[in-house]
Each structure stands twice: as C-alpha cells, then as structure tokens.
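Visitor: output the structure for:
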Amino acid sequence: MKRIIAGGLLGGVAMIVWLFVADGILGFRRSIDMKTLAGERVVYECLSDHVTEPGRYVINPEILPERRFPGDDPVFAVAYSGLGHDQAGEEMIAGLLVALLAPVAGAWLLGNASSRILARYGSRFLFFAAIGLTAVLLGIAARFGISSYSLDDTLALATHDLSGWIIAGLVVAWRTGSACERTAPGASVK
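Guide: Numbering: from 1, shown residues only. Predicted coordinates:
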C-alpha cells in the first residue's frame, strides 16, 4: 500500500509540474478564466455596487410580453466568491492539495483493482486514465451551459485537465508496477 500511495504522490507531483508549465508559464488557464473587457472599469464599478454577497448570479435579458425570454439575446453569469486578491495564496494552496491528493485517490482505486489489471503497465495506465476521464466529465465538462463556459472553452479545459491526469497516470502506472511485481500471482495489491 505504501508503494501505491507513493505512486499517487509522484503522480500528483507530475500533475503539479504539468499545471505549472501549462498555466504558470504558458498562461493556458488564465487565457480562459481571466479574459478582460474593453470597459472593465465601468463593469467593475457596477458589479461592486450591485453584487455584495458571494454567489453565482445569472443575468437574463428582459422578458418579452408573451412571458418568455428572447431566444437569441445573451445570458451573462457573474461569480463572486467573496474573496479578494489577498486570499489568492490560500486558493493556490488548496488547488495544489487537490492536484496532489486526487492522484493519490486514483492510485488507491488502482491498487484495489483486479490482478489482471495490475499485471500490465498499459492496463494500469488505462484504468487510471479512466478515473481521470470520469473526474473531468464530472468536473469541467459538466460546467458547459447557458451561464457557464462556452463549448470551445469547456473542451479546451477538459483537454487540459485530462492531460494532467494522463501525465499523472503514466507515473502512477510505472510506480505501482513495482508494487504489483512483488505480489503473488493471482493476488490483488492491498
């Protein structure tokens, strides 16, 4: 079990390195989550005056006389966490912990898979990648919609997150292989 957890931690480190390169150096996530507006100061002042409680707000167009929304008019969403720039460090620490612990959970699930899956690197990798795909589908991919991400941004973010899981999976499958080799034939790793 120690080797499985160590594999998960190494996978988490690999995922963090990927996130650092993709987001910190290349600015991938920032280009999607931190777009700017031409009249940003005006919008900021309006939101500061009207959005005072943390939450997610949806701004719809005015209802038509026949009591429905216009079909082609835009719908906007505003998210306010209640946090300011001073809490950005705390948010980053929480994100790093999630990026470290999620592969550990995936490695634990892998460690409890059948001996047939554990016997081959490719099977271990695909099992772990399937866990990552599930996490991506339930996470980012589920956030596409009328007041969330656009389809293009959702697909880009899902690819970004799945790439992190794949990189972690390569490491976890490699590291857990040595744990599987020490297991008697036909027995599962616990």
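Visitor: the residue in the chain sticking out farthest from the centre: what secondary structure?
Guide: The C-alpha centroid of the chain is most remote from Pro65, which lies 41.5 Å away (C-alpha atoms, centre = their mean). Following DSSP: H, G, I helix; E, B strand; the rest coil, the label given to Pro65 is coil.
Visitor: give me the pLDDT for it.
Guide: For Pro65, the pLDDT comes out at 83.
Visitor: grab the most central residue of this structure for me.
Guide: Note: the chain centre (C-alpha atoms, centre = their mean) maps to Asp161, 5.1 Å.
Visitor: what's the closest non-adjacent residue to that one?
Guide: Val136 (4.8 Å; C-beta to C-beta, 6 or more residues apart in numbering). (Glycine included, C-beta is placed from N, CA and C.)
Visitor: what's the lengthiest helix in the chain packed up against?
Guide: Longest helix of the chain, by residue count under DSSP state H: helix 151-181. Under the contact definition 3 or more C-beta pairs under 8 Å, 6 or more residues apart in numbering; DSSP states H and E, helix 151-181 sits against helix 2-19, helix 28-33, helix 88-111, helix 115-118, helix 121-138.
Visitor: so where's the chain uncertain?
Guide: Counting by pLDDT under 70, the chain shows low-confidence ranges at 147, 178-190.
Visitor: can you rerun that using 80?
Guide: In the predicted model of the chain, residues 1, 67, 69-71, 85, 87-91, 141-142, 145-147, 177-190 satisfy pLDDT under 80.
Visitor: contacting residues around Ile146?
Guide: By C-beta atoms under 8 Å, 6 or more residues apart in numbering, the contact set of Ile146 is Val75.
Visitor: from Arg120, how far out is it?
Guide: 44 Å (C-beta to C-beta, to the nearest Å).
Visitor: circling back to that earlier point, the residue nearest to Asp161: neighbouring residues, count only.
Guide: The burial count assigned to Val136 is 20, neighbours taken as other C-beta atoms under 10 Å.
Visitor: what about the helices and strands packed on helix 151-181, which gets the closest to Leu170?
Guide: helix 121-138 (6.4 Å; C-beta to C-beta).
Visitor: which residues does the closest one contact?
Guide: By C-beta under 8 Å, 6+ apart, the list of residues contacting helix 121-138 reads 11, 102, 106-107, 109-110, 113, 116-118, 158, 161-162, 164-166, 168-170, 172-174, 176-177, 180.
Visitor: which of these are buried?
Guide: 11, 102, 106-107, 110, 113, 117-118, 158, 161-162, 164-166, 168-170, 172-173, 176-177, 180 (16 or more other C-beta atoms under 10 Å).
Visitor: can you get me a residue count around Asp33?
Guide: Neighbour count for Asp33, taken as other C-beta under 10 Å: 11.
Visitor: ignore the last one, Ile5
Guide: Neighbours of Ile5 (other C-beta under 10 Å): 16.
Visitor: can you check Phe125 too?
Guide: 20.
Visitor: ditto for Gly27
Guide: Count around Gly27 with other C-beta under 10 Å applied: 11.
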